[in-house]
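Enquirer: got a sequence here, can you build the structure:
(chains A, B, C and D)
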Number of protein chains: 4
Amino acid sequence: MSGSSIGQIFKISTFGESHGKGIGVVIEGCPSGLEIDESFINSELARRRPGQSKITTQRKEVDKGTIYAGVFEGTSTGAPIMIFIENQDQRSKDYNHLKTTFRPSHSDFVYQEKYGIRDYKGGGRSSARETAARVAAGAIAKIILNQYKIVIRAFVSSVGLCSLSAEDKIDVTLIEQNIMRCPNRTKAKEMIEYLEKIKQQGNTTGGIIHCEILNTPIGLGAPVFDRLNADLAKAMMSINAAKGFQIGSGFEGTKMLGSAHNDLFYVENEKVKTKTNFSGGIQGGISNGMPIYFDVAFKPVSTIMQTQESINQKKESIDLIAKGRHDPCVVPRAVPIVEAMAALTIVDHLLRQRTTKNRPVL
Amino acid sequence: MSGSSIGQIFKISTFGESHGKGIGVVIEGCPSGLEIDESFINSELARRRPGQSKITTQRKEVDKGTIYAGVFEGTSTGAPIMIFIENQDQRSKDYNHLKTTFRPSHSDFVYQEKYGIRDYKGGGRSSARETAARVAAGAIAKIILNQYKIVIRAFVSSVGLCSLSAEDKIDVTLIEQNIMRCPNRTKAKEMIEYLEKIKQQGNTTGGIIHCEILNTPIGLGAPVFDRLNADLAKAMMSINAAKGFQIGSGFEGTKMLGSAHNDLFYVENEKVKTKTNFSGGIQGGISNGMPIYFDVAFKPVSTIMQTQESINQKKESIDLIAKGRHDPCVVPRAVPIVEAMAALTIVDHLLRQRTTKNRPVL
Amino acid sequence: MSGSSIGQIFKISTFGESHGKGIGVVIEGCPSGLEIDESFINSELARRRPGQSKITTQRKEVDKGTIYAGVFEGTSTGAPIMIFIENQDQRSKDYNHLKTTFRPSHSDFVYQEKYGIRDYKGGGRSSARETAARVAAGAIAKIILNQYKIVIRAFVSSVGLCSLSAEDKIDVTLIEQNIMRCPNRTKAKEMIEYLEKIKQQGNTTGGIIHCEILNTPIGLGAPVFDRLNADLAKAMMSINAAKGFQIGSGFEGTKMLGSAHNDLFYVENEKVKTKTNFSGGIQGGISNGMPIYFDVAFKPVSTIMQTQESINQKKESIDLIAKGRHDPCVVPRAVPIVEAMAALTIVDHLLRQRTTKNRPVL
Amino acid sequence: MSGSSIGQIFKISTFGESHGKGIGVVIEGCPSGLEIDESFINSELARRRPGQSKITTQRKEVDKGTIYAGVFEGTSTGAPIMIFIENQDQRSKDYNHLKTTFRPSHSDFVYQEKYGIRDYKGGGRSSARETAARVAAGAIAKIILNQYKIVIRAFVSSVGLCSLSAEDKIDVTLIEQNIMRCPNRTKAKEMIEYLEKIKQQGNTTGGIIHCEILNTPIGLGAPVFDRLNADLAKAMMSINAAKGFQIGSGFEGTKMLGSAHNDLFYVENEKVKTKTNFSGGIQGGISNGMPIYFDVAFKPVSTIMQTQESINQKKESIDLIAKGRHDPCVVPRAVPIVEAMAALTIVDHLLRQRTTKNRPVL
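Expert: Predicted structure coming up:
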């Protein structure tokens, strides 16, 4: 009930703080018989870890995930899987000045009010470091999706004022080849330069991540509340700094006419498809077999290297001078987090789907 | 697990089909001792019901909610509350032509694939009629919120190409005074004319609803997955035809700099406030006492009064000729649904909040 | 959270009060494609209903269940199924003397303390009438179990001081042929005479129900907390008046030696069996394919036709004179309730089982 | 969904295997502001650990619990608490002969069937070692209960054929003063001698644990399914080797007359009490303020030091020769486990209770 769990069948619970012993995740409901390779978990964690490039924070976190439970001789047993990521580069002294200070647009104030106590070191539980646990769990989910040939890929489509436009060619093979994780070489370069400039000013900005899920079987998602789009929305909006979610035609689609927006069905090689895909692969909350795609908006990073007005716990005005090493924009490192949350959501619905039809045998 | 429940403490389960006996809702976890007036439920239902104006469907549904359980002599007992809304104006014959037909951008196809059967009459379970049950439950939630002076109000901010702009004055007292539920008289008139024109063409469009939640106490929402914004996102994206959700600065905020986007704290009359509110009243997933506000995007209504290509269950191409009485745009009638889902989400988190701090007495 | 739901995938929520409009149940997660016959629901309800014989209460409740949702042309659609049982023979005036009185060993006192209000008419929500909703849901569960050839049968093994002994022959075909639901003719007669005598004295007694589940597949139940025996225990102990549960060798088995108690494996026709079955068909919380069997103890009915000391809401001593029509012992009518709760538990675990193994296709 | 979680608000998830890296527990929903002392967790773990006396297994497990998350400078923060207990004395080679063997009345066979794989080392996930994680979580629960002055104490009332009788004096201060955890010195001695004799024969037996919960506030538990007695039943029956549960008058009470069994109310010092307590402190599923008491039956330990017939994974008959170090009876070490499960159940209902009444302020 503390809000640290998600999923109904493939259920994850994360724990840990930014400057405690480490962070981890317990995965309940992972099917047995799955070959699980710790090195794949770690390659996913490497995509999220700090210090990976000049446009991310320079904090070095090794982020090595270790499986503590649920895997026997390389295979999942059906028991809860626990993955732990030890904290290492913890310069806790960097945070002592924040002990009684509320940073603007951070969660310091609301945690203090809600709980009457807070772990002020590096944000404690509210730190984005918690998302490493999600990426580790997402790696397990991706191993399952791989069996279904379901592919999840996210990329950066916008950073501050610099966006991919309709004319920009998309080449998904480029995503992991540039530090921006943008699928267009020219635009990637532009975004990187833009972000470096902002960083030099001690400032930050926001951005948008686009995500696609390919080869999803028809039928995932439930009517009414547990629509696949609603569960994806919750999963994405649960990521630190997320401020918006849209699927298919999204906000722009509100301007269209029904006659243009309706996705007309046709049949190709016995498969039902739609001529357009404004639905974004989900209709009535249920996947229709077309590609699922959505966007997630991330606000500018709250920690800026500029002096800001704020207040302290005694409600006195103070000047806040930032310290530490921070990202100028979350989106390059948020790409694997978006993918992980998508993978977790899809796997949970895949497993739920096994229970929906009457079948006389197990 | 069929996806028809939402909430953890204040939990609702809806049931029923568009052309069955009726639709209803069971509310578990409503506190005892609450004075519940059936007439308030019905006034909320009247705001959602079809046939209320020239810009909504002309289907007449009386939508009278009756309390079947959980209320004793006008007061909640702590037992599950069941509210039932009988179906009345069911022209089931209108739907016989849809028995084996998949309407574009409807859920006919995915239901058939997922379940191997579907109630084709008026969409069955997938009909937006299900949302009446949510509005009924939302009325109970609003009675609780009223005790906390928490106010929820939504309005239409955009219909197709016609939107409220930054210059348009907002007068919330106007919302229920025009059939568009737009808080600006001139713009409301414009939107209505725009929609009538689209309707005459047998076409439809989408729109955006803006919602505000005022006087929320500090501390609602949980870190990590059950962030208040994430739960609001799921609640909103679970409404039929919703395609996007943004909170606070949303998608536009991604373009800002951190130095401009950060909401600086100050103290006024002992209360902590922020100078700006780009956070939309929620930081780190937890309400900070500032107004919560968000937008929900709705796609164009899928049922258009024009002939469309489609396919039938045998995967043959067909021409689909629409029948029945439908809305040209969902947003005017979706306003009370957005409010209901917001109320349900806030009440659930209010009750959860009672469990988060250590207190030596019950 | 009000405690009126049970099950994880096949989940039921009951609602309604003894003297309100009626009682009902919403079943979420029932697979689609199931042929559902309302008459089977009603034959199950008839086994539980009051007034069925001279050893049960003489209140006449027709208890006709009507399907309100989730079944389309006789087949489940995967949508929530709602079954409603209207209240009819409600002599509410019989209960006016209980408005401010706490009956001994009833829930009047604790409901008043917990909720600050109670529906005093016929026990309101605490009435055993609520179990009719469970029997209705259990009928749907039995339809599913029937496909797997899983058989659930319960019978009365003890009433007050009159018990089946090891020497008594058991003939399960006799269960529904006598009003005691005892599988031995002589003992049934004895129990009936015993109960009539107690009834004439205005007194009541308790009893034990034995239940068997045959043909359960191997693998149902989960390790650790959701053991099949633990979930059966909860299901049984949730029945009004239940005070004890034992499975397999139960309390008597504590006296045995391990060398005698261990169930030795052997193979017969390729099937693994055990020579004895002190485990009661469940090992490590998981069904092993042998018959599951357990006992449920029910206390004496609290409403006796004798004057009793008690207190009222002002905490004053009073003399309580019972009115109304009540059972001298719950066990004959509790047999179908035990079966229903067993069926619901097994079906829920059957559906969960579909999600536990890694399988590359849906 | 893998069954390793229990609780709704105070929710625990255990993980880990007998011979893996260790076992642990994540506690979600622990209120903030609680002073938590690791040494109390460890004193509870010491009561459960193997090797504590001549009548328990001689395996030495240090069982030191370490808090990994959720506690900041000695105080709970409201974040998930993770406690980990490293495995140390793992003689994995002791188990190699069990790789393809199914031990009688163990879970080897059902795990293999259910999951298609099993960690055969020391029982893996099915090992009673998992209960150490419950005891650690139970220690946190006891810290909360201590604030309410709620006392939970369990003791051994029966071992094999040697039981406390009605005449035996109970002195609860003796419980922790003898290795049997029996509150009567003479009987304790008798039980110990009895058990030593059985142990010398390489045999095992069962036993019964009695548990009392004192000073419980009125109102804990929910009507219908989540009755306090039903949740206690599930909690107890989820303990390895538990075969029976009874509360209050239990199985014996079925033989009584209602006139004798009814607990008559009276008032003493403004407090409502009952003259007898056959209800066991719970009526209608809700605590009535009287002492709660119940019994849990444990079967004989399955691992005996005698050669037994069994089968292997190829379904061939084999002779099984036991190795390793095992308990002759589980009950002395199960006392703290019963207490832990009781504490977890009560705390969960204490927190739920905060949400049941309408109250205008948080």
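Enquirer: the longest helix seen in chain A to helix C:331-353, inter-axis angle?
Expert: The helix spanning the most residues in chain A, taking DSSP state H as the definition, is helix A:331-353. Put simply, helix A:331-353 runs at 130 degrees to helix C:331-353, going by axes from the mean of the first three to the mean of the last three CA atoms, to 10 degrees.
Enquirer: which single residue of the stretch 201-350 of chain A ends up nearest chain D?
Expert: With CB to the nearest CB as the measure, residue A:348 is the residue of the stretch 201-350 of chain A nearest to chain D, at 9.4 Å. The C-beta positions use only the backbone N, C-alpha and C, and glycine is treated the same way.
Enquirer: quick one: contacts for that residue?
Expert: A:7, A:8, A:9, A:10, A:11, A:231 (CB atoms under 8 Å, 6 or more residues apart in numbering or on different chains).
Enquirer: go back to these and keep what's next to chain B.
Expert: A:8, A:231 (CB under 8 Å from any CB of the partner chain).
Enquirer: just to revisit the earlier point, list the buried residues in the longest helix of chain A.
Expert: Using 16 or more other CB atoms under 10 Å in any protein chain shown as the test for burial, helix A:331-353 gives A:331-353.
Enquirer: can you give me the helices in chain A?
Expert: A:38-48, A:108-115, A:131-147, A:185-200, A:228-237, A:250-253, A:258-261, A:331-353.
Enquirer: among those helices, which is nearest residue D:289?
Expert: For those, the distance to residue D:289 is smallest for helix A:108-115, at 31.1 Å, taking CB to CB.
Enquirer: the closest one and chain D in contact?
Expert: Yes. Judged by CB under 8 Å from any CB, helix A:108-115 comes into contact with chain D at A:114, A:115.
Enquirer: need the contact partners of that helix.
Expert: A:98, A:101-102, A:118, A:120, A:123-126, A:313, B:218-219, B:223, B:265, B:272, B:283-284, B:286-288, B:353, B:356-357, D:32-33, D:77-78.
Enquirer: mind checking the pLDDT average for it?
Expert: Per-residue pLDDT over helix A:108-115 has a mean of 96.
Enquirer: please apply the same query to stretch A:57-70.
Expert: Mean pLDDT, computed over stretch A:57-70, is 88.
Enquirer: sorry, back to before: the longest helix of chain A vs helix A:185-200, what angle?
Expert: Using the same axes, to 10 degrees: helix A:331-353 against helix A:185-200 is 120 degrees.
Enquirer: just the angle between helix A:331-353 and helix A:131-147, please?
Expert: Orientation check (the same axes, to 10 degrees): helix A:331-353 against helix A:131-147 gives 50 degrees.
Enquirer: and helix A:331-353, how far out from the chain middle?
Expert: Relative to its chain's centre, helix A:331-353 lies at 7 Å (CA atoms, centre = their mean, to the nearest Å).
Enquirer: only alpha carbons, please: show that helix as PDB.
Expert: Taking Å, rounded to 0.1, in the frame of the first residue of the first chain, the C-alpha atoms of helix A:331-353 are listed here in PDB:
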ATOM      1  CA  VAL A 331      15.300  11.900 -21.700                       C
ATOM      2  CA  PRO A 332      18.500  10.200 -22.900                       C
ATOM      3  CA  ARG A 333      18.700   8.100 -19.700                       C
ATOM      4  CA  ALA A 334      14.900   7.700 -19.500                       C
ATOM      5  CA  VAL A 335      14.700   5.800 -22.800                       C
ATOM      6  CA  PRO A 336      15.500   2.400 -21.100                       C
ATOM      7  CA  ILE A 337      13.100   3.300 -18.200                       C
ATOM      8  CA  VAL A 338      10.200   3.900 -20.600                       C
ATOM      9  CA  GLU A 339      11.000   0.600 -22.300                       C
ATOM     10  CA  ALA A 340      11.200  -1.200 -19.000                       C
ATOM     11  CA  MET A 341       7.800   0.100 -17.900                       C
ATOM     12  CA  ALA A 342       6.300  -0.800 -21.300                       C
ATOM     13  CA  ALA A 343       7.700  -4.300 -21.100                       C
ATOM     14  CA  LEU A 344       6.400  -4.800 -17.500                       C
ATOM     15  CA  THR A 345       2.900  -3.700 -18.600                       C
ATOM     16  CA  ILE A 346       2.800  -5.900 -21.700                       C
ATOM     17  CA  VAL A 347       4.000  -9.000 -19.900                       C
ATOM     18  CA  ASP A 348       1.500  -8.500 -17.100                       C
ATOM     19  CA  HIS A 349      -1.300  -8.400 -19.700                       C
ATOM     20  CA  LEU A 350       0.100 -11.300 -21.600                       C
ATOM     21  CA  LEU A 351      -0.100 -13.500 -18.500                       C
ATOM     22  CA  ARG A 352      -3.600 -12.100 -17.600                       C
ATOM     23  CA  GLN A 353      -4.800 -13.000 -21.100                       C
END
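Enquirer: get me the contact residues on chain A for chain C.
Expert: Residues of chain A lying near chain C by CB under 8 Å from any CB: A:9, A:29, A:31-34, A:76, A:78-79, A:144, A:147-148, A:217, A:219, A:223, A:350-362.
Enquirer: before we move on, back to that, filter the contacts of helix A:108-115 to the buried ones?
Expert: Those of these that meet the buried threshold are A:98, A:101-102, A:118, A:120, A:123-126, B:218-219, B:223, B:265, B:272, B:283-284, B:286-288, B:353, B:356-357, D:32-33, D:77-78, by 16+ other CB under 10 Å.
Enquirer: looking at those residues, which are in strands?
Expert: Using DSSP state E, A:101, A:102, B:265, B:272, B:283, B:286, B:287 are the members of those that sit in strands.
Enquirer: pipe these into TSV and attach distance to residue A:200 and pLDDT per row.
Expert: Below are those laid out as TSV (distance: CB to CB, whole Å; pLDDT from 0 to 100):
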residue	distance to residue A:200	pLDDT
A:101	25	93
A:102	27	95
B:265	27	97
B:272	33	97
B:283	27	97
B:286	33	98
B:287	35	98
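Enquirer: count of neighbours near the nearest residue to residue A:31 once chain neighbours are set aside?
Expert: Excluding the flanking residues, the one nearest residue A:31 by CB to CB, 6 or more residues apart in numbering or on different chains is residue C:358, at 4.1 Å. Counted by other CB atoms under 10 Å in any protein chain shown, the residues lying close to residue C:358 total 19.
Enquirer: cool, residue A:47 as well?
Expert: Burial of residue A:47 is recorded as 18 neighbouring residues (other CB under 10 Å).
Enquirer: residues contacting the nearest residue to residue A:40 once chain neighbours are set aside?
Expert: Among residues not flanking residue A:40 along the chain, residue A:139 sits closest, at 5.6 Å (CB to CB, 6+ apart). By CB under 8 Å, 6+ apart, residue A:139 lies in contact with A:40, A:41, A:44, A:45, A:65, A:340.
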